[in-house]
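A.B. asks: Got a predicted structure here, sequence first:
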Amino acid sequence: MAFQELLDQVGDLGKYQILQMVLIFPTLMMLLCQIFLENFTAAIPGHRCWVNILDNDTVSDNDTEILSPDALLRISIPMDSDLRPDKCHRFIHPQWQLLHVNGTFTNMTEPDKETCLDGWVYDQSSFPSTIITEWDLVCSYQSQKSVVQFLFMTGMLVGGLIGGHLSDRWLVEPARWLIINNKPEEGLKALRKVAHINGMKNAGDILTMEGLRSSMQDELEAAQTKTTVCDLFCTPDLRKRICLLLFVRFATIVPFYGITINLQHFGSNIFLFQVVFGALTALVRCLPLLVQNHMGRRTTQTVFMFLVGLSILANTFVPQEMQTLRVALASAGISFAAASSTSFSIHLIELIPTVLRARALGLDTLASRCGAVLAPLLMTLMAYLSILPWIIYGVFPIMAGLAVLLQPETREMPLLDTIHDVKNNKEFSRKVKEINSSVKNDKSLRYFQELTGEEKENYERKTKYRNFLLYLQTSKKILLEN
C-alpha cells in the first residue's frame with residue numbers, strides 16, 4: 001500500500017504521465033477510425049432492381065426511346081408502402097397501363113412481380129463503391145452485411161490475442177507492476193526516470209533499494225509467489241469480482257458497437273452523425289471522473305448504464321420519420337455508453353490487486369472484443385423482427401447496471417496490491433468507515449494533535465486527494481496503540 005507515497009515523491013501527475021497519454025492517443029485514434037470506417041465501407045446506398053428496358057444501353061426500341069426515365073421506372077418497378085420504388089422487386093412484364101395519368105384501374109388485379117434476378121442498380125452519388133455494391137448484399141442478402149462485420153470484429157479479437165503477447169516485448173511496464181512482480185531494481189529505475197522527467201530533483205535521495213524495501217516490505221514478500229490467470233478465481237471474493245467485471249464489460253460494449261457501426265439506422269447523413277457522435281464520445285469521457293467522487297463508483301456506473309439502455313429502448317419505438325428525435329436519443333445513448341466505459345475502467349483498477357491487474361485487463365480486453373463480435377451478429381435477427389436487435393442492445397446495459405450493484409464500493413479506498421489485500425478488504429473497509437465516521441471524536445482528535453507538522457500536512461493533503469486512507473494503512477500500528 002506504500003507505493004502511493006513513492007509516487008508522490010516522483011510526481012503522481014506530471015510531464016511523464018501527460019506524455020504517456022499524448023503518446024497513446026494516436027494509436028487509440030487509429031483503432032477507432034478503423035472501426036468506424038465500417039459505417040462507410042459497409043454503407044447501403046439506394047438501390048432498385050436492374051431492368052432491361054431502363055438499364056440496358058443496347059435497347060433501341062422506338063417505343064421506349066420516347067419515354068422518360070421516370071416513365072420507364074414507373075412501368076418497371078412497383079411502389080412500396082411509402083410510395084417509393086421498391087428496392088427488391090420488379091414487374092415481370094412492363095405495366096404500360098400505369099402510364100395513364102387519369103386511370104385508376106381499381107378493378108385490375110395486382111401485376112405479377114419477381115425478385116431482382118439480374119442484379120441491382122445503385123445510387124452512387126454518396127458512395128461510389130462499398131462492400132454492399134461489390135457483393136450485392138441487399139434485400140434477401142442484407143443479413144450477410146452483419147456477417148461481414150462479425151468477421152471483421154473477429155479478426156480484431158484474434159489480433160488482440162496475438163498482438164497482446166507481442167506487445168510485451170517493447171511496452172514499458174509500470175514501476176508499480178515491476179516492483180510487485182519481484183523486479184525491484186527495474187522498478188526503481190522506472191521511478192527515477194519518472195522523477196527526472198517530472199523535474200523532482202530531490203527524489204533521488206528517497207528512491208533507494210533500502211527505502212523501497214522498508215516502505216513496501218509486505219508487497220515484496222508477497223511478490224515471491226508467482227501468480228497466474230487462475231489466481232483471479234482462487235478466492236470467492238476475487239472470483240465474484242472478475243466474473244461480474246467481465247459480464248459488465250461485455251454488456252457495455254455490445255450496445256456501444258451496436259450504435260457506432262449502424263449509424264445508417266438513424267438517418268442518411270452518416271457523415272454528420274460520425275462527427276457528432278465522435279465529438280460527444282470524446283467529451284463525455286471525463287464526465288465520470290467528476291461524478292464518481294460524489295456519487296461513488298457503483299452508483300455512477302449504474303446510472304450511466306440505465307441511461308444507455310433506456311435511450312436505446314426509447315429509440316426503438318420512435319418512427320423513422322422523426323429523424324431528429326432518433327438522432328438525439330442515439331447521441332445520448334452513445335454518450336452514456338462512453339461514460340459508463342470510463343467509470344467501469346476506474347472501478348476495475350480499484351477492484352483487482354496490482355499483482356493480477358495486468359491479467360485482469362487482458363481478460364477485460366477479451367470480454368470487450370467478444371462484445372464487439374456479438375454486436376453486428378445480433379443485427380441478423382432483424383430477419384425475424386426488425387426491432388429485436390435494438391431491444392437486446394437496450395436490455396444488456398440495464399442488466400449490467402444491476403450487476404454493478406453486487407460489487408463493493410471503492411471510493412476513497414486504497415488500491416489493492418496483493419491477493420492478501422483482497423482477503424482483508426472487507427475488514428479494512430469496515431475500519432476505514434469507522435475511522436471516517438469518528439473523525440470528530442476525542443480519540444481521533446487526540447491522534448491528530450499528536451502528529452508532527454509534516455504529518456498533519458500529509459493528513460490534510462491526502463484527505464483532499466483521496467490518499468489519506470493509504471496513510472492510515474501505513475500508520476495502523478499507531479492507531480492501534482491509541
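C.D. replies: On my side now, so go ahead.
A.B. asks: Would you state the helices of the stretch 351-482 of the chain in chain order?
C.D. replies: 354-377, 388-404, 419-423, 425-437, 442-450, 453-464, 468-474, 476-481 (DSSP state H, counting those that start in this stretch).
A.B. asks: cool, the stretch 151-300 of the chain as well?
C.D. replies: Counting by DSSP H, counting those that start in this stretch, the stretch 151-300 of the chain has helices at residues 175-180, 184-197, 209-215, 217-222, 236-260, 270-284, 287-295, 297-316.
A.B. asks: Give the other helices and strands that the second one contacts.
C.D. replies: With contacts defined as 3 or more CB pairs under 8 Å, 6 or more residues apart in numbering; DSSP states H and E, the packing partners of helix 184-197 are helix 3-10, helix 15-36, helix 175-180, helix 209-215. C-betas here are computed from N, CA, C, even on glycine.
A.B. asks: would JSON lines of these with mean pLDDT and mean neighbour count be doable?
C.D. replies: Formatted as JSON lines, the helices and strands packed on helix 184-197 follow (pLDDT from 0 to 100; neighbours: other CB atoms under 10 Å):
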{"stretch": "helix 3-10", "mean pLDDT": "66", "mean neighbour count": "20"}
{"stretch": "helix 15-36", "mean pLDDT": "75", "mean neighbour count": "12"}
{"stretch": "helix 175-180", "mean pLDDT": "71", "mean neighbour count": "22"}
{"stretch": "helix 209-215", "mean pLDDT": "70", "mean neighbour count": "13"}
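A.B. asks: Out of those helices, which gets nearest to Trp50?
C.D. replies: Among the helices and strands packed on helix 184-197, helix 15-36 comes nearest to Trp50, with 31.5 Å by CB to CB.
A.B. asks: Run through who's touching that closest one.
C.D. replies: 11, 156, 193-194, 197-199, 257, 260-261, 274, 278, 372 (CB atoms under 8 Å, 6 or more residues apart in numbering).
A.B. asks: Check what pLDDT Phe396 gets.
C.D. replies: Note for Phe396: predicted pLDDT of 94.
A.B. asks: Contacts only, for the residue nearest to it when sequence neighbours are not counted.
C.D. replies: Among residues not flanking Phe396 along the chain, Ala251 sits closest, at 4.3 Å (CB to CB, 6 or more residues apart in numbering). By CB under 8 Å, 6+ apart, the contact set of Ala251 is Met305, Gly371, Phe396, Pro397, Met399, Ala400, Ala403.
A.B. asks: can I assume the second one is in contact with Phe247?
C.D. replies: The reference is to Gly371. No: judged on CB atoms under 8 Å, Gly371 makes no contact with Phe247 at a distance of 10.1 Å.
A.B. asks: what about these two, which has more around it?
C.D. replies: Looking at Gly371 and Phe247 with other CB atoms under 10 Å, you find the greater number of neighbours at Gly371, namely 21 against 16.
A.B. asks: Contacts only, for Arg359.
C.D. replies: Counting by CB under 8 Å, 6+ apart, Arg359 makes contact with Thr227, Thr228, Val229, Asp231, Leu232.
A.B. asks: ok so, going back, between the helices of the stretch 151-300 of the chain, which gets nearest to Leu329?
C.D. replies: Among the helices of the stretch 151-300 of the chain, the nearest to Leu329 by CB to CB is helix 297-316 (4.1 Å).
A.B. asks: Might one say that Val284 is in contact with Ser335?
C.D. replies: Yes: assessed by CB under 8 Å, Val284 is found in contact with Ser335 at 4.6 Å.
A.B. asks: quick one, domains of the chain?
C.D. replies: Listed by automatic domain parsing, the domain ranges of the chain are 3-42+145-404, 47-122, 424-481.
A.B. asks: can you redo the ones you listed as TSV with distance to Ile131?
C.D. replies: Listed next are the domains of the chain as TSV, based on distance: least, CB to CB, whole Å:
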stretch	distance to Ile131
domain 3-42+145-404	5
domain 47-122	12
domain 424-481	49
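A.B. asks: ok, the residue lying closest to Val148 once chain neighbours are set aside to Leu374 distance?
C.D. replies: Spatial nearest neighbour of Val148, excluding adjacent residues (CB to CB, 6+ apart): Ile131 at 6.2 Å. Separation of Ile131 from Leu374 (CB to CB, to the nearest Å): 20 Å.
A.B. asks: follow-up on the earlier one: deepest of the domains of the chain, which one?
C.D. replies: The highest mean neighbour count among these, using mean count of other CB atoms under 10 Å, belongs to domain 3-42+145-404: a mean of 18.
A.B. asks: so how far is it off the chain centroid?
C.D. replies: Here domain 3-42+145-404 shows a centroid-to-chain-centroid distance of 6 Å under the convention CA atoms, centre = their mean, to the nearest Å.
A.B. asks: Pull the distance from stretch 140-150 to the chain's centre.
C.D. replies: Stretch 140-150 has its C-alpha centroid displaced from the chain centroid by 23 Å (CA atoms, centre = their mean).
A.B. asks: what mean pLDDT does that stretch have?
C.D. replies: 86.
A.B. asks: Other residues contacting it?
C.D. replies: The contact list for stretch 140-150, computed with CB under 8 Å, 6+ apart, reads 38, 42, 44, 88, 115, 131-132, 135, 137, 261, 373, 376-380, 382-383.
A.B. asks: switch to 7 Å and redo it
C.D. replies: Defining contact as CB atoms under 7 Å, 6 or more residues apart in numbering, one finds that stretch 140-150 is touched by Glu38, Ala42, Ile131, Ile132, Leu137, Ile261, Val373, Pro376, Leu377, Met379, Thr380, Ala383.
A.B. asks: Looking at these, which gets the smallest pLDDT?
C.D. replies: Glu38 (79).
A.B. asks: check contacts around the closest residue to it other than its chain neighbours.
C.D. replies: Using CB to CB, 6+ apart and skipping the chain neighbours, the partner closest in space to Glu38 is Ile261 (4.7 Å). Residues near Ile261 by CB under 7 Å, 6+ apart: Glu38, Asn39, Gln149, Ala375, Pro376.
A.B. asks: give me the number of residues near the residue nearest to Val148?
C.D. replies: 18.
A.B. asks: what are the ranges of the helices in the stretch 1-150 of the chain?
C.D. replies: 3-10, 15-36, 38-41, 52-55, 62-65, 69-76, 131-135, 143-167.
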